[in-house]
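> Got a predicted structure here, sequence first:
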Amino acid sequence: MESFYIEASTPIRAATTDTVIGRGPEEMKKLIGRMVSIVYTRLELDRDATVQEIVVPDNRRHLVSDVTFDPPSGRRVLYNQKVSISFSYATREQGGVHIFVTPFFGDTETPNPIYGTPRVYPAGKGTGATWFTFVEGANIDRVRIRMYTINHDRILFEDFVPVRYTFRPQ
């Protein structure tokens, strides 16, 4: 695990507005569960990294909620059988957003998924759906839900949802 040195002046920025919402290690402790990325540099190989900035999503402006899975978590799933995901969303992003659900096992994206066609979700509130499947054995213990701007230059929302699926042959 990487260790970091955080100075009192290290800025903490909101990802969606790029405004500084705090500084230093005390503010970071309050936000630790919401962090998306830490930008840092390593000055010497034997020294801890120095954090340049911390980026935190602003979930008040962008949200994915009420996530449901079909079939429900905990099931064995056959190759090519779709796991359907439905959700509610809210965004203020005027051009609309993309929302992706990515299967993981541990800290690693599960290799070789097949996904439903992505669509644009317009600004405002609404509902959406997507799916994924596998054509070979796969274990899934959580999924990452990410909301991106249309051109994918910013992550507006990110969350991990624990699930349990095992893809097997018939």
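Perfect, I can see it now.
> Considering only helices and strands, which part of the protein has the lowest mean pLDDT?
Every helix and strand of the chain was ranked by mean pLDDT, DSSP states H and E. The lowest is strand 37-41, at a mean of 44.
> For V120, which non-adjacent residue is closest in space?
Spatial nearest neighbour of V120, excluding adjacent residues (C-beta to C-beta, 6 or more residues apart in numbering): G96 at 4.4 Å. (Each C-beta comes from the backbone N, C-alpha and C, glycine too.)
> low pLDDT regions in this protein?
Across the chain, the ranges flagged by pLDDT under 70 are 1-60.
> so where do the helices sit in it?
24-31 (DSSP state H).
> any idea which strand is longest in this protein?
If you go by DSSP state E, the chain has its longest strand at strand 155-168.
> Relative to P71, how far out is the closest residue to R144 other than its chain neighbours?
Counting by C-beta to C-beta, 6+ apart, R144 lies nearest to T102, which is 4.6 Å off, once chain neighbours are set aside. Per C-beta to C-beta, to the nearest Å, T102 is found 18 Å from P71.
> where exactly do the strands run in this structure?
With DSSP E as the criterion, the chain has strands spanning 4-5, 11-14, 20-23, 37-41, 49-56, 62-70, 75-78, 83-91, 97-105, 108-109, 114-115, 124-133, 138-149, 155-168.
> so can I have JSON lines of these showing mean neighbour count?
Putting those into JSON lines (neighbours: other C-beta atoms under 10 Å) gives the following:
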{"stretch": "strand 4-5", "mean neighbour count": "14"}
{"stretch": "strand 11-14", "mean neighbour count": "18"}
{"stretch": "strand 20-23", "mean neighbour count": "15"}
{"stretch": "strand 37-41", "mean neighbour count": "13"}
{"stretch": "strand 49-56", "mean neighbour count": "18"}
{"stretch": "strand 62-70", "mean neighbour count": "16"}
{"stretch": "strand 75-78", "mean neighbour count": "13"}
{"stretch": "strand 83-91", "mean neighbour count": "19"}
{"stretch": "strand 97-105", "mean neighbour count": "19"}
{"stretch": "strand 108-109", "mean neighbour count": "10"}
{"stretch": "strand 114-115", "mean neighbour count": "12"}
{"stretch": "strand 124-133", "mean neighbour count": "15"}
{"stretch": "strand 138-149", "mean neighbour count": "19"}
{"stretch": "strand 155-168", "mean neighbour count": "18"}
